[in-house]
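> need a 3D model of the sequence below.
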Amino acid sequence: MDKDQIKIAFGEHLTKLRKERELSIHQLAQVCDLEYSHVQRIEKGKVNIALTTLAALAQGLDMSLEELFSGFHFQQ
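From the prediction side, this is the model:
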């Protein structure tokens, strides 16, 4: 498994979800209680994400963890 590719794919998926909800990176970071730069690095596929961060992102997008991963597909 290419670790960089899965991070990039998830970042693209998160960007899509954020834009569907018409949120800026700043707004998402604020509702998730995360730093703007951290959310930006996640969307660019630059960092691994902790489970607690995934939970915060799901909550900030007003969805469950299951919903956060719904539609996320990664080919190895």
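> where do the helices of the chain begin and end?
For the chain, the helices defined by DSSP state H occupy 3-20, 25-32, 36-43, 51-60, 65-69.
> alpha carbons only: can I get the shortest one in PDB?
Provided in PDB are the C-alpha atoms of helix 65-69 (Å, rounded to 0.1, in the frame of the first residue of the first chain):
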ATOM      1  CA  LEU A  65     -17.600   8.300  11.000                       C
ATOM      2  CA  GLU A  66     -19.400   5.800   8.800                       C
ATOM      3  CA  GLU A  67     -20.800   8.600   6.700                       C
ATOM      4  CA  LEU A  68     -17.300  10.300   6.600                       C
ATOM      5  CA  PHE A  69     -16.000   7.200   4.900                       C
END
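> about what we covered before: so for Gln75, which of the helices of the chain sits nearest?
With Cβ to Cβ as the criterion, Gln75 lies closest to helix 3-20 of these, at 8.7 Å. Yep, even glycine has a C-beta here, placed from its N, CA and C like the rest.
> tilt between the closest one and helix 25-32?
With axes from the mean of the first three to the mean of the last three Cα atoms, to 10 degrees defining the directions, helix 3-20 sits at 90 degrees from helix 25-32.
> what packs against helix 3-20?
Judged by 3 or more Cβ pairs under 8 Å, 6 or more residues apart in numbering; DSSP states H and E, the packing partners of helix 3-20 are helix 36-43.
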